[in-house]
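Chemist: Predicted structure and sequence below. I'll ask about it afterward.
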Amino acid sequence: MRDQKPKKVSNESKWIINFDKIEDSTRRNYFSVLPEEQRLMEYFSEAFVINKPKGSVGGDGFWLHGHDDDVYLALFTCIGEGHLASMMIRIYMNALKKMVEGYSIDFTGSILQFLHREVQARFKDKNNILLNTNANVGIVKLNTKTKAMEFAGANMNLLQVHRRGIKVIQGEEIQVGETRENRHSYSSIALEDTTDSNFYLCSTGVFNLIGGSEFKKLSINQLGEFLRDKRKSPMVDQKNLTLRHLTDWTGVNRQNDDIMVIGFKA
């Protein structure tokens with residue numbers, strides 16, 4: 001009986017195997033760089049995170065940092081898709097780490113300005129036309145003792161839901177990143193009353209979802225009304241209810257963007 005020769009693997013099969021390995025590695029790296037949902041519970045009485053990328057990796061990320069009695073929470077949507085957007089997530093996270101380790105920046109608006117300068121400096125000689133370094137960012141600062149809260153947004157808003165209704169705290173209509181507009185500053189907005197309220201940061205993709213009875217994009221007010229109806233539900237239940245609501249809104253349409261929602265109680 002003659003020995004059987006090992007079967008040759010075609011170049012196409014090798015490429016598929018290697019590509020699958022790269023995809024798995026990128027996916028692990030993307031999720032590993034983000035904080036664990038459980039870490040939110042160290043600072044907030046209740047909280048949840050929905051992170052549902054359109055593909056194997058996403059362009060949405062969030063950052064969490066505690067210092068003395070203050071906690072900082074940021075959500076950012078990096079413009080673009082796939083691996084390049086995921087790479088920008090890590091760059092923004094490293095910039096925030098650099099800020100924490102080397103600078104004393106307290107105001108949320110100043111943090112956004114720092115991010116903008118860092119990204120501009122890093123990519124001042126950028127020659128990869130496929131790489132979009134811009135991001136929409138929302139950042140919250142909460143004093144865990146006094147419950148005083150501050151917000152700043154770069155093309156992102158903060159949604160407040162309380163018994164009297166909903167309130168949209170609006171950020172500046174300008175992104176962080178390489179964009180070169182003449183005016184590039186971000187205001188820090190102090191929230192006057194945080195008691196008996198739920199707060200939500202949503203990535204850009206949430207409001208790019210097309211569906212509903214009129215086949216339109218979901219608005220922040222529509223989402224706010226839904227969340228107001230669920231206001232008394234524990235955050236752990238709100239997570240599942242919100243995810244189901246987004247799925248129902250999309251209906252038979254495919255998810256057309258990355259989705260991230262962070263809900264929390266002060």
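Modeler: Arrived safely.
Chemist: How about L73, nearest residue that isn't a chain neighbour?
Modeler: Sequence neighbours aside, V140 is the residue nearest to L73 in space, at 4.8 Å (criterion: C-beta to C-beta, 6 or more residues apart in numbering). Heads up, the C-betas are built off the backbone N, CA and C, glycines and all.
Chemist: Return the per-residue confidence for the one you found.
Modeler: On pLDDT, V140 comes in at 98.
Chemist: can I assume it sits in a helix?
Modeler: No. Assignment of V140 by DSSP: H, G, I helix; E, B strand; the rest coil gives strand, placing it outside any helix.
Chemist: Let me know whether it touches E150 as I believe.
Modeler: Yes. Counting by C-beta atoms under 8 Å, E150 is a contact partner of V140 at 7.2 Å.
Chemist: rewinding a little: now do the contacts for the residue nearest to L73.
Modeler: By C-beta atoms under 8 Å, 6 or more residues apart in numbering, V140 lies in contact with 72-74, 108, 149-151, 158, 199, 201.
Chemist: how far away is it from Q160?
Modeler: To Q160, V140 is 11 Å away according to C-beta to C-beta, to the nearest Å.
Chemist: residue boundaries of the strands in this protein?
Modeler: 46-52, 60-67, 70-78, 135-143, 149-154, 158-162, 165-169, 189-191, 197-202, 210-211, 216-217, 259-265 (DSSP state E).
Chemist: how about JSON lines for those strands, with distance to V100 added?
Modeler: Listed next are those as JSON lines, based on distance: least, C-beta to C-beta, whole Å:
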{"stretch": "strand 46-52", "distance to V100": "21"}
{"stretch": "strand 60-67", "distance to V100": "6"}
{"stretch": "strand 70-78", "distance to V100": "9"}
{"stretch": "strand 135-143", "distance to V100": "13"}
{"stretch": "strand 149-154", "distance to V100": "16"}
{"stretch": "strand 158-162", "distance to V100": "21"}
{"stretch": "strand 165-169", "distance to V100": "24"}
{"stretch": "strand 189-191", "distance to V100": "22"}
{"stretch": "strand 197-202", "distance to V100": "19"}
{"stretch": "strand 210-211", "distance to V100": "38"}
{"stretch": "strand 216-217", "distance to V100": "35"}
{"stretch": "strand 259-265", "distance to V100": "19"}
